[in-house]
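S.K.: Give me coordinates for this.
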Amino acid sequence: MGRARDNAWQEVNKTMHLKTEAVTWLKEGRVDVLLGYKEVDGHSIPFCFQKEHPEEAEGLIAGTARYPLEKMAARIAEAHPEFTIGILARDCNQRALHVLALWNQIQPDKIRTLSLACCPSTLKDHGDCTYLEPRKTGFYKRQAGIDGNLDLEALEAYAPKERFDRWMYEFQKCIKCYGCRNICPVCFCEECSLEHPDLIATGAVPPEIPLFHLVRAVHMAGRCVDCGLCEDACPMDIPLRTLYRKVNRIVRDVFDYQTGTCEETSPFSAIGDGVTLELKPLARVA
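M.R.: The predicted model follows:
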């Protein structure tokens, strides 16, 4: 009982500190806008607090809701490059901001963060997990599919044929809603290959299996910050976080690159800042 009471007081004090900081930043013009969360009709939703109305930041909350605030910040920065943007940032938000900066999607000197300690991740040495719980996996999914609670070593222990069949079971559930892409904080291509008719057939559900998910997995290599939003958004319970952890593990092993923390440019930035789907002839290799 005493420990629970102490934890509750810590949460109250943390929230009061965040509110004070947010109001001060807006009043003093340290930021033009601050992205955080506000309770509306009993729901925690993302909210853009503005310096013209700093008193509204008294409504800032630090609950369990998670949205890609950094993706919203990148959109605001594109429309208003003169803005300094504040963000209520958990650990995964911090990693995503780092990746977006490396890919020239935001200017770090135009971003200020109100930090929250948060979830453990393979991309973070340690964390104070305040909201993530082990996923509930049904019996049939454990028998035929991928249990998202398993680590990569346990999955690799399956024979190749069984591992392939399990992933195909998961992929065939896809309804092609694009929720994983839309919520991803580090998806920023103006033209998405997942909607290009020469790569992914349109009008078919489920999408081409496994091409749809493997194309996205390749794009997540060196970008995914292990926030888990894609998996939370997926209505079909596909273990996307596990899939992207696998491709990031390959990037780490091959390039010695830790996504979201390395100061060097991503190994895949060598392909250029711009992304185009224009078909070009293959270069002849001597």
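
S.K.: From here on, just use CA atoms for contacts and neighbour counts.
M.R.: Fine.

S.K.: Now name the helix or strand holding I87.
M.R.: strand 85-89 (DSSP states H and E).

S.K.: Please name the strands paired to that strand in the sheet, noting orientation.
M.R.: When pairing is defined by DSSP bridges, strand 85-89 lines up against strand 33-40 (parallel), strand 111-115 (parallel).

S.K.: Please identify the most buried of the ones you listed.
M.R.: Mean neighbour count, computed with mean count of other CA atoms under 10 Å, is highest for strand 33-40 among the strands paired with strand 85-89, reaching a mean of 22.

S.K.: Mean confidence (pLDDT) on the very next helix or strand once past it, please.
M.R.: Downstream of strand 33-40, the next assigned helix or strand under DSSP H and E is strand 43-50. Per-region confidence: strand 43-50 scores 94 on mean pLDDT.

S.K.: Next, the buried residues of strand 43-50.
M.R.: S44, I45, P46, F47, C48, F49, Q50 (16 or more other CA atoms under 10 Å).

S.K.: got the contact list for the helix or strand that that strand is followed by?
M.R.: Downstream of strand 43-50, the first helix or strand assigned by DSSP H and E is strand 60-61. For strand 60-61, contacts defined as CA atoms under 8 Å, 6 or more residues apart in numbering pick out T15, L18, K19, A22, G36, Y37, K38, E39, S44.

S.K.: If we use 6 Å, what do you get?
M.R.: If you take CA atoms under 6 Å, 6 or more residues apart in numbering as the criterion, strand 60-61 is touched by K19, Y37, K38.

S.K.: Kindly report the same for stretch 248-261.
M.R.: R95, H98, V99, A221, G222, V225.

S.K.: Go again with 7 Å.
M.R.: R95, A96, H98, V99, L123, A221, G222, R223, C224, V225 (CA atoms under 7 Å, 6 or more residues apart in numbering).

S.K.: Would you mind giving the strands paired with strand 85-89 as JSON lines with distance to A65 and mean pLDDT added?
M.R.: Putting the strands paired with strand 85-89 into JSON lines (distance: least, CA to CA, whole Å; pLDDT from 0 to 100) gives the following:
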{"stretch": "strand 33-40", "distance to A65": "8", "mean pLDDT": "95"}
{"stretch": "strand 111-115", "distance to A65": "15", "mean pLDDT": "94"}
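
S.K.: I'd like those strands written out as a markdown table, with distance to Y178 added.
M.R.: Listed next are the strands paired with strand 85-89 as a markdown table, based on distance: least, CA to CA, whole Å:
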| stretch | distance to Y178 |
| --- | --- |
| strand 33-40 | 24 |
| strand 111-115 | 28 |
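
S.K.: out of those strands, which comes closest to G63?
M.R.: Ranking these by their distance to G63 (criterion: CA to CA) puts strand 33-40 first, at 7.8 Å.

S.K.: and the angle from the closest one to strand 43-50?
M.R.: In terms of direction (axes from the mean of the first three to the mean of the last three CA atoms, to 10 degrees), strand 33-40 departs from strand 43-50 by 150 degrees.

S.K.: Can I get strand 33-40 in PDB? Just the C-alpha atoms.
M.R.: Output of strand 33-40 as PDB, limited to C-alpha atoms (Å, rounded to 0.1, in the frame of the first residue of the first chain):
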ATOM      1  CA  VAL A  33       4.000  25.400 -30.000                       C
ATOM      2  CA  LEU A  34       4.200  22.400 -27.700                       C
ATOM      3  CA  LEU A  35       2.900  18.900 -28.700                       C
ATOM      4  CA  GLY A  36       1.600  16.800 -25.900                       C
ATOM      5  CA  TYR A  37      -1.600  15.200 -24.600                       C
ATOM      6  CA  LYS A  38      -4.800  16.600 -23.200                       C
ATOM      7  CA  GLU A  39      -7.900  14.900 -21.800                       C
ATOM      8  CA  VAL A  40     -11.000  15.500 -23.900                       C
END
